[in-house]
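1. My questions concern the predicted model and sequence given below.
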Amino acid sequence: MLTSQIIMQVFHTKSKIIITCNNRLSAYLQQEVEALGYKITRTFSTGLELEGTLNDCIPLNLNLRCASQVLYSIKTFTAENPARLYKELLEIAWEELIDFTGYFSVTSTVDNETITTPLFANLKVKDAIVDRIKEKKEIRPNTGPEANKAVIHLYWKENDAEIFIDTSGETLAKHGYRKIPGKAPMLEALAAGTIMATGWDKKSPFVVPMCGSGTLAIEAALLACDKTPGLFRMNYGFMHILGYEEEVFFAERRKLKDQAKREIDFRIVATDISEDAVDISIKNARTAGVDHLIDFSVCDFADTVVPEGPGVVMFNPEYGERLGVHSKLEATYKRIGDFMKQKCKGYRGYIFTGNPDLAKKIGLRADRRIEFYNGKLDCRLLEYELYEGSKREPKAAE
């Protein structure tokens with residue numbers, strides 16, 4: 001537990017940091033965090049743990065592509081019921097953390113038999129914070145559901161409870177450039193994770209037929225030019241904690257701006273048969289500042305012009321969740337397989353799908369099946385080595 005004296009210095013005091021992510025993204029999140037020089041103490045399916053200060057949370061928030069929230073622990077305790085939860089939280093010097101003239105919100109992950117809805121747990125947290133600040137400062141802070149100011153997060157499983165400052169506030173999984181989502185868009189953090197899973201070298205062509213709203217192509221361009229999501233956002237939860245040093249944030253932001261490359265010397269290609277989809281993609285890419293790095297065109301995916309390889313070609317086709325679309329999609333998946341065989345020789349091909357039956361129609365044997373979730377849907381990123389000739393082709397007789 002952080003004492004009252006330490007609470008005043010959370011930006012310089014080490015504590016547990018939990019970085020959350022969507023299920024099955026933690027391996028790629030781990031790569032990112034280690035690349036930033038942090039030592040990870042524990043990894044789990046929906047995140048990882050390390051130790052650091054609230055100031056350490058600033059570069060984490062600005063750099064990470066696969067993360068959802070960066071949580072800084074301020075107290076762990078035992079709570080068998082809401083009354084004990086309230087009592088423990090009342091002891092924290094909230095008046096030294098939250099601007100009592102400001103606003104805060106509460107989120108939670110709760111699995112306790114005395115709680116039927118997380119909203120009740122959230123209410124007990126809010127009551128404790130408000131009552132403490134009212135007692136110490138004689139002013140009642142405002143609270144509500146918006147996560148755009150100070151955010152406090154409760155983790156409560158059985159009798160074990162932990163309270164965090166959510167230093168992110170609004171989720172990091174949305175990268176801020178996608179003003180027009182398009183039809184069934186892939187979450188930006190998931191798109192980044194799937195690209196990282198391919199092992200793409202960020203130096204060779206990256207081709208996205210059936211690009212939809214352009215998320216995969218845009219994330220590839222951002223990776224290629226070392227442009228991080230933090231450059232699209234100017235508000236985080238840590239900014240609303242007392243003691244925040246804005247010069248730390250602006251120094252990190254300047255560093256990220258300086259490291260971002262303006263140009264690349266290879267092609268990123270994005271195509272879609274829908275003119276509306278390509279128009280949305282171009283607008284989203286423009287917001288991200290990478291529209292000049294992507295070759296957009298309207299065409300059937302089979303007519304996509306593929307640069308000379310090696311490179312990566314990546315599809316995110318429909319999964320056929322609606323009834324009555326399977327026969328049409330079976331033909332589409334077969335055509336995807338034919339396209340990769342005929343036009344993408346020397347490439348590595350990837351298909352992201354949540355439908356294993358349709359995947360069988362591709363007509364190619366996957367070298368790897370990498371597990372992901374898209375929301376709650378169990379998905380696979382299928383990898384295919386697309387050799388110049390047949391892998392089993394015998395050598396010509398000498």
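-> Okay, I see it.
2. Report how far apart the opening and closing residues of stretch 261-273 are.
-> Stretch 261-273 stretches 30 Å from its first residue to its last (CA to CA, to the nearest Å).
3. nope, stretch 252-267 is what I was after
-> Stretch 252-267: ends 29 Å apart by CA to CA.
4. Mind listing what's buried along it?
-> For stretch 252-267, the neighbour count (16 or more other CB atoms under 10 Å) marks Glu252, Arg253, Leu256, Ile264, Arg267 as buried. All C-beta atoms are positioned from the backbone trio N, CA, C, and that covers glycine.
5. now stretch 14-31
-> By neighbour count, with 16+ other CB under 10 Å as the criterion, the buried positions of stretch 14-31 are 15-22, 24-30.
6. Can you get me the centre-to-centre distance for it and its chain?
-> Put simply, stretch 14-31 sits 10 Å off its chain's centre (CA atoms, centre = their mean, to the nearest Å).
7. avg pLDDT for that stretch?
-> Mean per-residue pLDDT for stretch 14-31: 97.
8. any residues touching it, and which ones?
-> 2, 33, 40, 43-53, 56-57, 60, 64, 66-74, 164, 173, 187, 189-190, 192-193, 196-197, 371-373 (CB atoms under 8 Å, 6 or more residues apart in numbering).
9. Mind doing that once more with 6 Å?
-> Contacts of stretch 14-31 with the rest of the structure, by CB atoms under 6 Å, 6 or more residues apart in numbering, involve 43, 45-53, 66-73, 193, 196, 371-373.
10. and if you look at stretch 249-258?
-> Ile58, Pro59, Leu62, Thr228, Gly230, Leu231.
11. cool, stretch 100-116 as well?
-> Contact partners of stretch 100-116, identified using CB under 6 Å, 6+ apart, comprise 81, 98, 118, 121-122, 125-126, 133, 137, 139, 141-145, 147, 149-157.
12. just stretch 68-86 next, same as before
-> Under CB under 6 Å, 6+ apart, the answer for stretch 68-86 is 1-2, 15-21, 54, 57, 60-61, 88, 92, 114, 124, 128, 153, 159, 161-168, 171-173.
13. now the strands for the stretch 51-200 of the chain?
-> 67-78, 103-111, 142-143, 150-157, 160-166 (DSSP state E, counting those that start in this stretch).
14. Give the next helix or strand downstream of the one helix or strand in the chain whose mean pLDDT sits lowest.
-> Lowest on mean pLDDT, DSSP states H and E among the helices and strands of the chain sits helix 4-7, with a mean of 56. With elements assigned by DSSP states H and E, the helix or strand that comes after helix 4-7 is strand 15-21.
15. List the strands paired with that following strand, with their directions.
-> Take DSSP bridges as the rule and strand 15-21 pairs in its sheet with strand 47-52 (antiparallel), strand 67-78 (antiparallel).
16. okay, the angle between it and strand 160-166?
-> Calculated by axes from the mean of the first three to the mean of the last three CA atoms, to 10 degrees, strand 15-21 forms an angle of 80 degrees with strand 160-166.
17. that older thread, possible to save the strands of the stretch 51-200 of the chain as TSV with mean pLDDT, distance to Leu222 and mean neighbour count?
-> Formatted as TSV, the strands of the stretch 51-200 of the chain follow (pLDDT from 0 to 100; distance: least, CB to CB, whole Å; neighbours: other CB atoms under 10 Å):
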stretch	mean pLDDT	distance to Leu222	mean neighbour count
strand 67-78	97	15	21
strand 103-111	95	27	19
strand 142-143	94	35	16
strand 150-157	97	26	22
strand 160-166	98	24	22
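18. Go through those strands and name the closest to Lys203.
-> strand 67-78 (25.2 Å; CB to CB).
19. mind listing what the spatially closest residue to Leu377 that is not a sequence neighbour touches?
-> Of all residues not flanking Leu377 in the chain, Gly354 sits nearest, at 4.4 Å (CB to CB, 6 or more residues apart in numbering). Applying CB under 6 Å, 6+ apart, we find Gly354 in contact with Tyr319, Leu377, Cys379.
20. next one: Gln259
-> Asp226.
21. Mind doing that once more with 10 Å?
-> Residues counted as contacts of Gln259 (CB atoms under 10 Å, 6 or more residues apart in numbering) are Cys225, Asp226, Lys227, Thr228.
22. For the contacts of stretch 249-258, give me a markdown table that also has distance to His292, pLDDT and neighbour count.
-> Shown next, in a markdown table, are the contacts of stretch 249-258 (distance: CB to CB, whole Å; pLDDT from 0 to 100; neighbours: other CB atoms under 10 Å):
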| residue | distance to His292 | pLDDT | neighbour count |
| --- | --- | --- | --- |
| Ile58 | 30 | 98 | 26 |
| Pro59 | 27 | 98 | 23 |
| Leu62 | 23 | 98 | 19 |
| Thr228 | 18 | 97 | 23 |
| Gly230 | 21 | 95 | 24 |
| Leu231 | 16 | 95 | 18 |
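23. Closest one of those residues to His240?
-> Nearest to His240 among these, with distances taken as CB to CB, is Ile58, at 13.1 Å.
24. just checking, the closest one touches Leu64?
-> No: in this structure Ile58 lies outside contact range of Leu64 using CB atoms under 10 Å: 11.4 Å.
25. residue boundaries of the helices in the chain?
-> Secondary structure of the chain by DSSP state H: the helices cover 4-7, 26-35, 57-63, 82-90, 118-137, 188-197, 215-224, 246-259, 275-288, 326-343, 356-359.
26. Could you double-check that Leu381 sits in contact with Arg348?
-> No: if you go by CB under 10 Å, Leu381 and Arg348 don't touch, sitting 11.3 Å apart.
27. any shared contact partners between these two?
-> Shared between the contact lists of Leu381 and Arg348 (criterion: CB under 10 Å, 6+ apart) are residues Thr198, Met314, Arg368.
28. Which among the residues you listed count as buried?
-> Buried, going by 16+ other CB under 10 Å: Thr198, Met314, out of the shared contacts of Leu381 and Arg348.
29. In TSV, list the shared contacts of Leu381 and Arg348 along with pLDDT.
-> TSV is the format used below for the shared contacts of Leu381 and Arg348 (pLDDT from 0 to 100):
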residue	pLDDT
Thr198	97
Met314	98
Arg368	96
